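Q: here's a sequence, model it:
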Amino acid sequence: MQNGYAARAYGQNARSVGTPRNVEYQAFQRVTAMLQAAARGDYAEADRLSAILKNNQLWATLSADLLSDGNALPLELRAELVSLAEFARKTGLAAMAGRAGLDELIEINTAIMRGLRGDASAPGSQTAVSQAGVSQAAVSQAAVSPPPHAAQTGAVASAPQTAP
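A: I've put the predicted structure just below:
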């Protein structure tokens, strides 16, 4: 899910952390850990909102990358992942307003992390991903289909570095 847009936006951070796949995995891991802590009630309300906002920012970064001309993933796959990003964003906004919990966001992020690890077929609920209209195959394919210039950039280098 990487391209030149992300490299220009976030500079050397992506290259200093590791492969693009590792950068993406680490970003999802950090944000998902924050969401999990918030779901357990480990955070004050302001920190819970911050965790949701950081998740929305992560998905916005991925959407921008997926929508850019430099993204080499197949168009159909990009469209499915943008739909997933929009579903995650809307769910995040609903959670901020108290109309949704964090479980769906955690589930989506976990599915993406499994795909990035090459373990997309691992047991686990895919309800939220399915509700977003995205097939698990799309999540798996996104994780195993790096664009030709993937070694040069990382789309999610801007992901939160610290928990609230």
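Q: what mean pLDDT does the helix or strand harbouring M113 have?
A: Secondary structure from DSSP states H and E places M113 in helix 103-116. Mean per-residue pLDDT for helix 103-116: 94.
Q: over to stretch 49-64?
A: Stretch 49-64 comes out at a mean pLDDT of 97.
Q: again, but for stretch 22-31
A: Averaging pLDDT along stretch 22-31 yields 95.
Q: ok, N56 to R21 distance?
A: Between N56 and R21 the computed distance is 22 Å (C-beta to C-beta, to the nearest Å). C-beta coordinates here come from the backbone N, C-alpha and C atoms, glycine included.
Q: how about A97?
A: Separation of A97 from R21 (C-beta to C-beta) stands at 34 Å.
Q: the helices in the chain, which residues?
A: Remark: helices assigned in the chain by DSSP state H are 4-10, 13-17, 20-40, 45-67, 75-96, 103-116, 127-131, 136-144.
Q: just name the most buried of those.
A: helix 103-116 (a mean of 23; mean count of other C-beta atoms under 10 Å).
Q: so who does L105 touch?
A: Residues near L105 by C-beta atoms under 8 Å, 6 or more residues apart in numbering: L35, I52, N55, A88, T91, G92, A95, A128.
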